[in-house]
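Peer 1: Dropping the sequence and predicted coords here.
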Amino acid sequence: MRYVLVTILTLSLTNGVAQIDASELLIARNTGTKTLADGNAIPVMGFAQTIMENPAIPGPTLEFYEGDSVEIDLWNFSQGAPHTVHLHGLDVDQQNDGVPHLSFEVYHMDHGFYYFKAPHAGTYLYHCHVVSSVHVQAGMYGLLIVHPSDGSQTTWNGGYDYDNSMSLLMSEIDTTWHSDSVMLHTYDTSLMVNYVAVPEYKPQFYLVNGLSDQQIADSSMQLNTSAGAVNYLRLANIGFKGCRVILPSTFGTQIIDSDGRPFPNIEYSDTVLIFPGERYGVLGTLNYEGNENITIEYFDMNTGILENTQYVPIVSSGFVGLNSSNNSNGLLTVQPNPFNQNTTLHIQSENMNEVIINIFDIRGQLVLSEKLTDNIGDELLYEIDGTLLHSGIYLAEVLIDQKERLSQKIIRY
Amino acid sequence: MRKLLSTLLLSLVVVSAQAAVVEDTVYINNGLFTTVDSNTLPYTAFNSSSTFDQQNTQLFIGVGDSLYLTIINTDTQPHGVDITNTTGYTTTVGAGATTTLACQFNQTGIYILHDHLNYPDMAYFGLSTPIVVDNFAGSIFSWNIKEHQLSFNDSIQNNGTVNWSTYYPEYFTINGNSNPAINADPLAKVTGNVGDTLRICVTNTGQSIHSIHFHGYHLRIVFSSKDAAHVDREKDTFSVYPMESLILELIPDKTGEYPVHDHNLVAVTGGGIYPNGMFLTMIIQ
């Protein structure tokens, strides 16, 4: 009966009652395998998007735009316990929350449909909520990212611009929990609550995006950036341990959001503590070419004892956006850039009457501002006294006649 | 539990127009804590009577109120008395003895009454409970979250030592209960209506860090004992360190029944059984 009702709802929604902007299929599988850093393969549960696919850990990253009307089709392809999709942090209504005894669970070869409107741009999670301790450890989880509605490369609507982004999802694996006695737990569908025994949790593998140790080095997982580029990192923890993510001291790390909401005040720290279920967004920039690491420490939440450390490389190559900025009307050139003593903004646009020059630091704070008026003409040279600025990255913004905006990243060394 | 003295006395200690004088008595009782799977472990609690109750009594007063707290120790050993994030209230109370604290709290927050002797053993062993200081007029719920390891309680009861570097608790409770009994506790069970402003006080008197996840809603941090800079952050998952506390504000925008649980999913178990741990639901009409 449940399947029939859900199908009717789907038809009504797709026949014009409500428009679906984005649709995703998640295939729940109990028969996946995962190769660990020691070369051994273990059984896992997980989410895939094609039948031929081995469910990966983590599952596919689902990406939507703020305001999208979303449909997720969960197809349970495996026998055994049912599955659900909990949309972690998306504040969906009870029916779509994925908690089995409070909404619905999806049985073998059934489909279940989840509907929601993508909330604030930010970083979220999804995972199965059936015997969640077991099914999450088994691998049934993934990231869900909501982008700004305008499709811009910003953290959220009206948020921070960035040049590169990277997501790091932390978790662990205790191979004992992947034995048949745990994964193939009994499940009585006639009961409101199923009681399931679990062993002690003593993970042997500490994962970043499903990989650990040499697997990370052997993969292409690294933050590729350029000197001066603004990087946005999405950090999330779906494991059962605490994580301490340590960025390079030269990264200028700003912690700007958590759990899909901007912080009221930026936190400046090169260390981000992330506990199970939390997500954080950080901005950072390297001002030089070279190699660094993101260090991730996993510690026990009962004892505080450090259990493992993983490293994700940062490779900074080349310089970003140091030449000029233009649009159909105007041109802004900065020479020299980077600079130490002085630099000159060369502004070109037709019949300029009023030009406002603003200099913002990387935190978005206005550090210099000047308004120039009186028939400037088609060309303006404006010199910036470098002694007024500390070394670092700045944004030079030029507003022309209240209708044209040019901007250029500048570096004072 | 909360007794107002005469208007005359009140007028002598006025800090603000609403400040009151509050008299209260708590008893230090030793007894047996019954777990979700009917195991028992030795425990000591702050109770509102001389009868042992594994659910610690919690104190609620207004900002600026003067609290006269009588502490009666019915245990056979002395205990310490202290309040976190305060100075000047540290004392001891001998076996069978009584002591009185006169204290005042001038800021919204949660302060933990606890036994500071042999710290953190006795605070972990049950002698730690929140004093909630808040003038909020709406519905307030309060969670004293904690975890328990049988062998540690046995050792502490017998004046033995425990090695915190080996701590692996088996039971996880809110106000002394695990799921499903948490849901029968009106102080823990969050109920309200769409548009209400609700406050949830979360106090970690255990020794583990807990990561509390709310389904259905984001909540705003009103108070954080660990870091005042966290106030006004809106989140769905909140870390709570040992002997730290949060006051969270929830304004529900939709009806439904939504879980809240520790997202260290080991803490959703009890005695190795899922879901006998730190799990409850909120009901919004």
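Peer 2: Perfect, thanks for sending it.

Peer 1: drop to CA atoms for contacts and neighbour counts, all remaining ones
Peer 2: Will do.

Peer 1: Without its sequence neighbours, what residue ends up closest to A:T387?
Peer 2: A:Q341 (6.2 Å; CA to CA, 6 or more residues apart in numbering or on different chains).

Peer 1: neighbours of that neighbour, just the number please.
Peer 2: Counted by other CA atoms under 10 Å in any protein chain shown, the residues lying close to A:Q341 total 13.

Peer 1: residues in contact with it?
Peer 2: Contacts for A:Q341 (CA atoms under 8 Å, 6 or more residues apart in numbering or on different chains) come out as A:385-387.

Peer 1: which of those has the most neighbours?
Peer 2: Highest neighbour count within these, by other CA under 10 Å: A:G386, with 16 neighbours.

Peer 1: What residues does chain B have near chain A?
Peer 2: Counting by CA under 8 Å from any CA of the partner chain, the residues of chain B close to chain A are B:164-169, B:207-211, B:213-218, B:232-239, B:254-258, B:263-266, B:268, B:272-275.

Peer 1: Mind giving me the ChimeraX command for buried ones among the residues you listed?
Peer 2: Buried subset of the residues of chain B next to chain A, written as a ChimeraX selection, criterion 16 or more other CA atoms under 10 Å in any protein chain shown:
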select /B:167,168,169,207,208,209,210,211,213,214,215,216,217,218,232,233,234,235,236,237,238,239,254,255,256,257,258,263,264,265,266,268,272,273,274,275
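
Peer 1: picking up where we left off before, can you list the contacts of A:Q341 in TSV and add secondary structure, pLDDT and distance to A:T250?
Peer 2: Below are these laid out as TSV (DSSP: H, G, I helix; E, B strand; the rest coil; pLDDT from 0 to 100; distance: CA to CA, whole Å):
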residue	secondary structure	pLDDT	distance to A:T250
A:D385	strand	92	24
A:G386	helix	90	21
A:T387	helix	89	21
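
Peer 1: Arrange those residues in CSV, one row each, with distance to A:L332 as further columns.
Peer 2: Shown next, in CSV, are the contacts of A:Q341 (distance: CA to CA, whole Å):
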residue, distance to A:L332
A:D385, 18
A:G386, 18
A:T387, 22
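
Peer 1: how about the helices in chain A?
Peer 2: Here chain A has its helices, by DSSP state H, at A:2-12, A:132-138, A:180-183, A:214-218.

Peer 1: Just give me the lowest mean pLDDT stretch among these.
Peer 2: By mean pLDDT, the lowest-scoring of the helices of chain A turns out to be helix A:2-12, with a mean of 38.

Peer 1: helix, strand or coil for the closest residue to chain A within the stretch 1-150 of chain B?
Peer 2: For the stretch 1-150 of chain B, the residue closest to chain A is B:E147, as judged by CA to the nearest CA, at 9.4 Å. Assigned by DSSP: H, G, I helix; E, B strand; the rest coil, the conformation of B:E147 is strand.

Peer 1: wouldn't it be in contact with B:N175 here?
Peer 2: No - counting by CA atoms under 8 Å, B:N175 is not a contact partner of B:E147; they are 10.7 Å apart.

Peer 1: Who has more neighbours out of these two?
Peer 2: The neighbour comparison of B:E147 against B:N175 (other CA under 10 Å) goes to B:E147, with 27 against 22.

Peer 1: check contacts around the more buried one.
Peer 2: For B:E147, the contact set (CA under 8 Å, 6+ apart) comprises B:169-173, B:206-208.

Peer 1: Tell me which of these fall in strands.
Peer 2: B:171-173 (DSSP state E).

Peer 1: residues contacting B:I83?
Peer 2: Residues in contact with B:I83, defined by CA under 8 Å, 6+ apart, are B:89-90, B:111-114.

Peer 1: May I see these arranged in TSV, with secondary structure, pLDDT and distance to A:L36 as well?
Peer 2: Listed next are those as TSV, based on three-state DSSP; pLDDT from 0 to 100; distance: CA to CA, whole Å:
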residue	secondary structure	pLDDT	distance to A:L36
B:Y89	coil	94	54
B:T90	coil	96	53
B:Y111	strand	98	46
B:I112	strand	98	44
B:L113	strand	98	47
B:H114	strand	98	45
